[in-house]
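Engineer: Need a 3D model of the following:
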Amino acid sequence: MLTVRKSQDRGHADHGWLHSFHSFSFAGYYDPRHMGFGNLRVINEDRIAPGTGFGTHSHRDMEIISYVLSGELAHKDSMGNVKGIPPGDVQRMSAGTGVTHSEFNHAAGETTHFLQIWIVPDERGIAPSYEQKTFTAAEKRGALRLVASPDGAQGSVTVHADATLYAGLLDGPEAVTQPLNPARKTYVHLVRGALCVNGQPLAAGDAALLENESSLALTGGQDAEVLVFDLAA
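Structural biologist: Next comes the predicted model:
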C-alpha cells in the first residue's frame with residue numbers, strides 16, 4: 001500500500017524569523033492522523049531568516065538528524081560541540097539523558113533551509129552524543145546513499161534506533177530500484193524537484209508512505225533530491 005501525503009497538507013507555522021512545515025504533529029500543529037510513521041516522529045522543513053535562530057533549548061531521549069539544503073546552520077551544544085553544518089553534511093545528535101543546544105543562521109543575506117528529523121530511539125537514558133559527516137553530491141547522484149544507520153555502515157552516521165536513512169539525487173534517465181521488507185515501513189520524502197515513487201508522482205515537499213510493499217522504484221526525476229527511510233513497524 002502506498003499513500004501520498006501532499007506538501008500543502010502539512011502543518012505550517014510562520015513565526016516571522018522561522019517558516020516551518022510539519023509532516024507530523026508538532027508544537028502548535030496537532031493532527032491525530034499524523035503523529036509519526038513507524039519510529040519516525042518528526043520531519044520539520046525549516047527556513048531560518050538571516051541573523052536569527054533557535055535559542056538554547058533542551059531535548060532528551062530522541063535521535064535528531066539535521067539535513068541542510070541551503071545556507072549554513074550554526075550548532076552549539078552542552079557537550080561542547082560548536083559546528084557549522086553546510087549543505088551535504090548530515091548531523092546526528094543523540095539527546096539521551098538530556099542535552100541543550102542552539103541553532104542559528106549567522107549569514108547576513110541568506111536564508112538557512114534545512115530538515116529537522118526526529119527518530120524514536122531503541123533505548124532511553126543513553127549518554128548524549130554527536131556526529132557529523134559529509135556526503136558529496138557525487139555519492140548521491142543516481143543512487144541512494146546510506147547516510148544514517150544503526151551500525152554506521154558504509155561510513156554513515158550512527159543512530160540508536162531501528163531505522164536507516166538514504167539520500168539520493170535523480171534527474172532525467174537516472175532511476176533507482178531497491179527491495180523492501182514488507183514487514184517494515186518505508187517513508188519517502190521529496191526534498192526538491194519532482195519524482196515518481198512506484199509510479200506515483202511527487203512534487204517538492206510531498207511524501208510517499210509505503211506499507212506491505214516489497215520493492216521501491218524511483219523514476220522520472222526532475223532535479224530531484226529525495227530521502228528514503230527504512231523504519232521499524
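Engineer: Could you use CA atoms for every contact and neighbour count after this?
Structural biologist: Noted.
Engineer: which strand is the longest one in the chain?
Structural biologist: If you go by DSSP state E, the chain has its longest strand at strand 215-231.
Engineer: show me what contacts the residue most central in space within the chain?
Structural biologist: The chain has residue 117 as the residue nearest its centroid, 4.4 Å off, counting by CA atoms, centre = their mean. Neighbouring residues of residue 117 by CA atoms under 8 Å, 6 or more residues apart in numbering: 40, 41, 42, 43, 44, 64, 65, 66.
Engineer: Given the strand or helix carrying it, what are its sheet partners and their directions?
Structural biologist: According to DSSP states H and E, residue 117 maps onto strand 112-119. Here strand 112-119 has these sheet partners by DSSP bridges: strand 40-48 (antiparallel), strand 63-70 (antiparallel).
Engineer: now the angle from that strand to strand 215-231?
Structural biologist: 80 degrees (axes from the mean of the first three to the mean of the last three CA atoms, to 10 degrees).
Engineer: mind checking the end-to-end distance for stretch 169-177?
Structural biologist: End-to-end distance for stretch 169-177, by CA to CA, to the nearest Å: 14 Å.
Engineer: tell me the average confidence for it?
Structural biologist: Mean pLDDT, computed over stretch 169-177, is 98.
Engineer: picking up where we left off before, in the following helix or strand past the strand holding residue 117, what counts as buried?
Structural biologist: Using DSSP H and E, the helix or strand that follows strand 112-119 towards the C-terminus is strand 129-134. Neighbour-count burial for strand 129-134, counted by 16 or more other CA atoms under 10 Å, picks out 130, 132, 133, 134.
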